[in-house]
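Colleague: give me a model of this one.
(2 chains)
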Protein chains: 2
Amino acid sequence: MIDAAVRTALAAEGPAAFLTTGPGGPHLVATWQSYLDVLDDSTLAFPAGGYRVTEANLDGGSVLTMVIGSRGGAAGSGTGFRLTGAARLESGTPVHDRVRARFPWCRAAVVFHVTGVERILGS
Amino acid sequence: MIDAAVRTALAAEGPAAFLTTGPGGPHLVATWQSYLDVLDDSTLAFPAGGYRVTEANLDGGSVLTMVIGSRGGAAGSGTGFRLTGAARLESGTPVHDRVRARFPWCRAAVVFHVTGVERILGS
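Modeller: As a prediction, this is how the structure comes out:
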């Protein structure tokens, strides 16, 4: 799921925009690609400062969709992916502790279980 | 609208994810920040290869919301913005010619009239 191509894209810096939906409609926010911690082959974790609407949407059952990508590589064509899955905010858990060690300001960890990967950028 | 801070963020490379909505629900795709051509202080243009669902959503009246950002700067904290506005795909127009000069493969230019800018990343 989170294979070598996705990990290579994540190694570049850039915004990682992500979408949830809820009563207020689609909600698009972002983190940085460098903030994404690959916990295993299908799980990402990253810090939550605000993300209050995102949290409410996830609590309401929304899926999470994220775009990541990198122009890196000799050809310069780049690769970008749309990741889809389920996510929740965790506070006071080992994953929160792990994320907080790097980002002391985070009120929670967003734990994103990726179930779908589509390539949307690159030749 | 597209002020110096937004232009500075756009000067960095990275994915520029954007959202439209339609009968199939929210639709999240992307371009590269380096593909975004600032036509004036409220207008961006970028190449369309596919974007068929995006085009249908825009034809149906969807707004377009895009996230851009850069970790650049000495402090490294970075800045990221959510841009909102109206957009349409143009083919056979001077803007399409302009975009096609750089991206010969583009079937149209996405012309994005930005009406709202919110800072969503950075301290």
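Colleague: the closest residue to chain B within chain A - how many residues pack around it?
Modeller: Ranking the residues of chain A by distance to chain B (Cβ to the nearest Cβ) places A:G14 first, at 2.7 Å. In short, each C-beta sits where N, CA and C put it, glycine included. A:G14 has 30 neighbours, counted by other Cβ atoms under 10 Å in any protein chain shown.
Colleague: where exactly do the helices run in chain A?
Modeller: A:4-10, A:52-59, A:94-102 (DSSP state H).
Colleague: including mean pLDDT, could those helices go into JSON lines?
Modeller: Output for the helices of chain A, formatted as JSON lines (pLDDT from 0 to 100):
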{"stretch": "helix A:4-10", "mean pLDDT": "93"}
{"stretch": "helix A:52-59", "mean pLDDT": "98"}
{"stretch": "helix A:94-102", "mean pLDDT": "98"}
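Colleague: can you pull the residues of chain A lying near chain B?
Modeller: Taking Cβ under 8 Å from any Cβ of the partner chain as the measure of proximity, chain A contacts chain B at A:12-17, A:19, A:21, A:25-26, A:28-34, A:65, A:67-69, A:71, A:78, A:80, A:82, A:120-121.
Colleague: my read: A:R88 touches A:V111, true?
Modeller: Yes - look at A:R88 against A:V111 with Cβ atoms under 8 Å: they come within range, at 5.8 Å.
Colleague: so between these two, which is more surrounded?
Modeller: Taking other Cβ under 10 Å, A:R88 and A:V111 do not tie; A:V111 has more neighbours (20 against 14).
Colleague: the top strand by length along chain A pairs with which strands?
Modeller: Criterion DSSP state E: the longest strand present in chain A is strand A:108-121. Applying DSSP bridges to the sheet, strand A:108-121 is found paired with strand A:43-48 (antiparallel), strand A:79-90 (antiparallel).
Colleague: out of those, which is closest to B:G92?
Modeller: strand A:79-90 (27.8 Å; Cβ to Cβ).
Colleague: pull the CA atoms of that closest one into PDB?
Modeller: Taking Å, rounded to 0.1, in the frame of the first residue of the first chain, the C-alpha atoms of strand A:79-90 are listed here in PDB:
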ATOM      1  CA  THR A  79       5.000  11.300  -9.100                       C
ATOM      2  CA  GLY A  80       1.900  12.200  -7.100                       C
ATOM      3  CA  PHE A  81      -0.600  10.000  -5.300                       C
ATOM      4  CA  ARG A  82      -4.100  10.200  -3.900                       C
ATOM      5  CA  LEU A  83      -4.300   8.200  -0.700                       C
ATOM      6  CA  THR A  84      -7.700   7.200   0.700                       C
ATOM      7  CA  GLY A  85      -8.600   5.500   3.900                       C
ATOM      8  CA  ALA A  86     -10.000   5.800   7.400                       C
ATOM      9  CA  ALA A  87      -8.500   8.000  10.100                       C
ATOM     10  CA  ARG A  88      -9.000   9.100  13.700                       C
ATOM     11  CA  LEU A  89      -7.400  11.500  16.100                       C
ATOM     12  CA  GLU A  90      -5.700   9.800  19.100                       C
END
